[in-house]
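[1] Provided below for reference: sequence and predicted model.
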Amino acid sequence: MWVALAIAGGAVLALRLVMATFMAEVYDVIIIRMTALWYKSVLERLGSKQRLLDIGIGTGTALARNAHRVLEKEMTVVGIDYEDAYVRKAVQVMRDAGLKDSVVLHCKSVYDAQLPVLFSGAAKFDAVYFSGSLTLMPDPPAALRAAASMLKDNGKVYVTQTFQNRRSRVTEVVKPLLRYLTTIDFGVVTYKSEMDSIVEASGLTLLEDGAIPGSINTSAQTARLYVLEQRLDHKRC
């Protein structure tokens, strides 16, 4: 029995080593098909020559799948992520997609106090986007407020993510364990009611909350798009 356990343990460690080595590639294989659709739903709403801040851009592959939308609208995208491995791959992904001149990448956290200084004045954004990244953060309401502080007047915050509609104890246990096996942080199960509480705590105004066409929408889970903006009394005169 001990031999079998040792072999199993060694196999798990070997798998984790492979996953860690190819973390960015594993990330793309697992989630890109879904998130590329989410990016489409957001980019289609944005106007020409707008500036977008992509918080948690990952490898940039989902954005690259929508390169023609970025180029046709002559948009400028600034992408940030705290995982250096993702940012390093994103540099090449943007180059391969013909987005080298349209996308600027930074290995930074949304909580970095220097971000509002870096992106102030004319560098502010027309839109900020969290693609499945918001609830991975230690303080989601603070992340929303930080994002909103970098918006131009009438700018919008977009959030896309899959939310659990009903209690699932199995998913609650399994989802956090995926990080141990894949080295990718999928976070914990987030219920829609929790997201509603995050929005309320952020102090932002909810403009829209609905299912993303063509994405998962079952009795158990729904991929949703939230659109938020600063409250009127918080906007600059």
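    Yep, that arrived.
[2] contacts only, for the spatially most central residue of the chain.
    In the chain, the centroid-proximal residue (Cα atoms, centre = their mean) is S131; its distance is 2.8 Å. By Cβ atoms under 8 Å, 6 or more residues apart in numbering, the residues touching S131 are 35, 38-39, 42, 54, 56-58, 62, 160-161. Glycine gets a C-beta too; all of them are placed from N, C-alpha and C.
[3] one more time with 6 Å
    By Cβ atoms under 6 Å, 6 or more residues apart in numbering, the contact set of S131 is 35, 38, 160.
[4] try M94
    M94 makes contacts with 60, 100, 103, as judged by Cβ under 6 Å, 6+ apart.
[5] show the end-to-end separation of stretch 195-208, please.
    One end of stretch 195-208 to the other measures 13 Å (Cα to Cα, to the nearest Å).
[6] ignore what I typed, I meant stretch 68-79.
    First-to-last distance for stretch 68-79 - Cα to Cα - comes to 17 Å.
[7] and what of stretch 59-73?
    First residue to last in stretch 59-73 (Cα to Cα) measures 22 Å.
[8] give me the distance from it to the chain's centre.
    In terms of Cα atoms, centre = their mean, to the nearest Å, the centre of stretch 59-73 is set 15 Å apart from its chain centre.
[9] going forward can the numbers begin at 805, since that is how I track them
    Understood, numbering begins at 805; the last thing we discussed is stretch 863-877.
[10] need the contact partners of that stretch.
    828, 831-832, 836, 839-840, 843-844, 847, 852, 890, 893-894, 897-898, 901, 903, 906.
[11] what's the pLDDT at L940?
    If you check L940, the pLDDT there is 89.
[12] then Y995?
    87.
[13] isn't it right next to Q968, touching?
    Yes: the pair Y995 / Q968 is scored as a contact, 5.0 Å apart, by Cβ atoms under 6 Å.
[14] neighbour count for these two, which is higher?
    Ranked by neighbour count (other Cβ atoms under 10 Å), Y995 and Q968 place Q968 first, with 18 against 15.
[15] so what's that one bridging to?
    Y995, Q1025 (DSSP bridges).
[16] quick one: it and V961, what's the gap?
    22 Å (Cβ to Cβ, to the nearest Å).
[17] over to A868?
    Counting by Cβ to Cβ, the gap from A868 to V961 is 23 Å.
[18] the two: which has the busier surroundings?
    Between A868 and V961, counted using other Cβ under 10 Å, the more crowded position is V961 (29 against 22).
[19] helices or strands up against the one helix or strand that one maps to?
    Secondary structure assignment for V961, by DSSP states H and E: strand 955-968. Helices and strands touching strand 955-968, by 3 or more Cβ pairs under 6 Å, 6 or more residues apart in numbering; DSSP states H and E, are strand 929-935, strand 1025-1033.
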